[in-house]
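**Q** show me how the following folds:
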Amino acid sequence: MTSTIGRRGFIFGGFLLAVTGFAAAVWWLTFNAALDQLEERGQADLSLAADRLTGQLQRVRDLAVLLSDHPGLMPLALAQGGDTNGADQLLQHYADRTGAERLWFSDAQGKVIAASDGEIGQNISGSPAFERALDGALGSDHGIDPVNGLRLYRFAAPVFTPYGPVAGAVVTVVAMEALEWNWPSDPSPVFFTDMGGNVFVTNRSDLILTRLGPQGDFPVREAWQVGGHDLWAMSGSPYLPRRALHLTKELPVIGLNAEILVNLTPALRLATLQAVVAAALCLAFGAVLFYFSERRRALAEQLDAEERVNAELEARVEERTEELSALNEDLRREIGERLEAEAALKQAQADLVQAGKLSALGQMSAGISHELNQPLMAIRSFAENGAILIERGQVEKAGESLSRISEMAQRMGRIIRNLRAFARQESEPAGRVGLASVVENAIEMLGPRIAQTGTQIDWMRPETTTVVKGGEVRLVQVIVNLMSNAMDAMAGSEDKRITLRVDRDPSRGVVSLSVRDTGPGIVEPDRIFDPFYTTKEVGGEGMGLGLSISYGLVQGFGGKLTGANADDGGAVFTLELEEAREVA
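**A** Predicted structure coming up:
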């Protein structure tokens, strides 16, 4: 008995060892095949990224060549008293059109005599790109701007005189940040290194200006070769794969090497899966063999007890069948009860949703009278003025008042439509709206009330155009509501003044409008946007819905409305909107 168990253990151990070796071989072959496929896809991605960078730089290089024989620059190169200011404007025009960081025009000694950024008088002699241009060829180099730390790539095109010698050079400079701003969306890390191994351009910001090599700071923990493939183990960055296939491609045209890190996780996962499947098949086959061998050994023992076992089995089957029948009946009953409960729950949820919708519609309907108050006052004022003008015989001016009444009626229709859309949680697509004109329209609408209350309007139209994303009708509503609330708050103040200012934040792409009054300020700043919250008399002028509706309208096109107390008294409301930039 002991010898039989030992023999079986030896056979079982040998079988497991053979299965392990076979699974390891399958893993190795699958991993190498997956590496070949990854390299093929990685080379395609790397070529695409390299073509993208060279194509972007090609535009700047072609600009240098194009301007090298421009008639507006040639008199400066020939020292014939050209128009320096005109040349600066010309370079500035092309810099704005192409997105170049700066454009310079220098003489043969390297002195900048015209520049898009006004940096005239600098000497660029000694730079590789300029020296190459003096030899009559197109030169290029790259480096770091010592003033602002920008990574710059330069092209220098020679300017030839009609007699042949080089009289100067046109230098185009592009900031690499302007080229790689949308690269982080690429799935694989791609970077471009110079001859010294420094990462100059990349789609991963944490790799910028790192250095490859044993003495570098590139986050490579380990590197090894598998079947001619260069594999790296990474560390220290959540935006880099832990293990990656490293591929390179030389770009002599721009003097850089293109490199990519392809994640090895799919290859490792595929190889592991194939090895597990192979081991499982071998184990299943071994289990089948073991089963038949054991079955054959036990067949003789089972023949003697077959009658007894069959009888016991039939009794157990009958008993188990009865238990299963009872259990199935209980399950059917329980499933029916659960289905009825789920149907009742769904009906209750639908009733709650409908009740919420009706409640929201009721709140919006309650605010219609508040939102229509200002247009109705304007219609009344224009009607009275029109009647007076007709009595005086000034028919043309009376016609203008009637036209304004028609415009106010149309506006009331748009206000009702917007309130109805707000109640239904609908919003029209945001478009390009001039914020300054919207403010002036709101001031014009409130003109009669401003004169009646003796309020001073301190409005300074911005010097630059401020175009934002939003809806014109909804923005006018919001500003009218803010100014109306300010005049209500200043009812008991001696100094009644509303200050409106527009500011731009180019770094965030935001345009803000501040509405400031000289009233007593906000009692509870945290509650001013709550529905039905008001500091006015109940049943009087306000229902507490104006700021709540304005808040919802501003959020409808991606804006932000805040309110606070000013340091020197009064309240200030700030409306922040996304700036609508020109589409290239």
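**Q** so where's the stretch 151-300 of the chain shaky on pLDDT?
**A** Confidence mapping of the stretch 151-300 of the chain against pLDDT under 70 gives the ranges 184.
**Q** which stretches of it form strands?
**A** 151-160, 166-175, 190-193, 199-202, 220-226, 229-234, 243-251, 256-263 (DSSP state E, counting those that start in this stretch).
**Q** make a markdown table out of the ones you listed and add mean neighbour count and distance to residue 386.
**A** C-beta here means a position set from N, CA and C on the backbone, and glycine is covered the same way. Converted to a markdown table, those look like this (neighbours: other C-beta atoms under 10 Å; distance: least, C-beta to C-beta, whole Å):
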| stretch | mean neighbour count | distance to residue 386 |
| --- | --- | --- |
| strand 151-160 | 23 | 65 |
| strand 166-175 | 25 | 60 |
| strand 190-193 | 24 | 69 |
| strand 199-202 | 22 | 67 |
| strand 220-226 | 12 | 81 |
| strand 229-234 | 18 | 77 |
| strand 243-251 | 17 | 74 |
| strand 256-263 | 22 | 73 |
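**Q** just so I know, which of the ones you listed lies nearest residue 120?
**A** Closest approach to residue 120 among the strands of the stretch 151-300 of the chain is made by strand 166-175 (13.0 Å; C-beta to C-beta).
**Q** partner strands of that closest one, with direction?
**A** Within its sheet, strand 166-175 is paired with strand 102-107 (antiparallel), strand 151-160 (antiparallel), according to DSSP bridges.
**Q** so which of the strands of the stretch 151-300 of the chain gets nearest residue 30?
**A** strand 220-226 (12.6 Å).
**Q** give me the contact list for the closest one.
**A** Applying C-beta atoms under 8 Å, 6 or more residues apart in numbering, the set of residues contacting strand 220-226 from outside is 31-32, 35, 212, 230-235, 246.
**Q** only C-alpha atoms, please: export that strand in CSV.
**A** This file holds the C-alpha atoms of strand 220-226, laid out as CSV (Å, rounded to 0.1, in the frame of the first residue of the first chain):
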residue,chain,number,x,y,z
VAL,A,220,13.9,54.1,-16.0
ARG,A,221,14.4,51.6,-13.2
GLU,A,222,15.6,48.7,-15.4
ALA,A,223,16.2,47.8,-19.1
TRP,A,224,16.7,44.5,-20.8
GLN,A,225,16.5,42.8,-24.2
VAL,A,226,13.9,40.1,-25.1
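**Q** angle of it against strand 229-234?
**A** Angle of strand 220-226 versus strand 229-234, following axes from the mean of the first three to the mean of the last three C-alpha atoms, to 10 degrees, is 160 degrees.
**Q** from the chain's centroid, how far away is strand 220-226?
**A** 35 Å (C-alpha atoms, centre = their mean, to the nearest Å).
**Q** what's the spacing between the residue of the chain positioned farthest from its centre and residue 298?
**A** Relative to the centre of the chain, the most outlying C-alpha is that of residue 304, 78.1 Å out, by C-alpha atoms, centre = their mean. Counting by C-beta to C-beta, to the nearest Å, the separation of residue 304 from residue 298 is 11 Å.
**Q** what's the neighbour count on residue 443?
**A** Residue 443: 17 surrounding residues under other C-beta atoms under 10 Å.
**Q** re earlier: can you tell me which of the strands paired with strand 166-175 comes nearest to residue 518?
**A** strand 102-107 (47.1 Å).
**Q** neighbouring strands for the helix or strand that that closest one is followed by, and are they parallel or not?
**A** Moving toward the C-terminus from strand 102-107, the next helix or strand (DSSP states H and E) is strand 112-115. Its sheet considered, strand 112-115 pairs with strand 102-107 (antiparallel) by DSSP bridges.
**Q** pLDDT on the strand it pairs with, on average?
**A** The average pLDDT within strand 102-107 is 87.
**Q** cool, stretch 331-348 as well?
**A** For stretch 331-348, the mean pLDDT works out to 74.
**Q** and what of stretch 530-538?
**A** pLDDT averaged over stretch 530-538 gives 64.
**Q** in a markdown table, list the strands of the stretch 151-300 of the chain along with distance to residue 498.
**A** A markdown table is the format used below for the strands of the stretch 151-300 of the chain (distance: least, C-beta to C-beta, whole Å):
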| stretch | distance to residue 498 |
| --- | --- |
| strand 151-160 | 48 |
| strand 166-175 | 43 |
| strand 190-193 | 54 |
| strand 199-202 | 51 |
| strand 220-226 | 62 |
| strand 229-234 | 58 |
| strand 243-251 | 60 |
| strand 256-263 | 58 |
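**Q** can you tell me which of those is nearest to residue 504?
**A** Using C-beta to C-beta, the strands of the stretch 151-300 of the chain put strand 166-175 closest to residue 504, at 21.7 Å.
**Q** just give me how far that closest one sits from the chain centre.
**A** 35 Å.
**Q** alpha carbons only: can I get it in PDB?
**A** Output of strand 166-175 as PDB, limited to C-alpha atoms (Å, rounded to 0.1, in the frame of the first residue of the first chain):
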ATOM      1  CA  VAL A 166      24.000  86.700 -48.000                       C
ATOM      2  CA  ALA A 167      22.800  90.000 -46.700                       C
ATOM      3  CA  GLY A 168      21.000  88.800 -43.600                       C
ATOM      4  CA  ALA A 169      18.600  86.100 -42.300                       C
ATOM      5  CA  VAL A 170      15.000  85.700 -41.400                       C
ATOM      6  CA  VAL A 171      14.700  83.800 -38.100                       C
ATOM      7  CA  THR A 172      11.400  82.100 -37.100                       C
ATOM      8  CA  VAL A 173      11.000  80.900 -33.500                       C
ATOM      9  CA  VAL A 174       8.200  78.600 -32.300                       C
ATOM     10  CA  ALA A 175       7.500  77.600 -28.700                       C
END
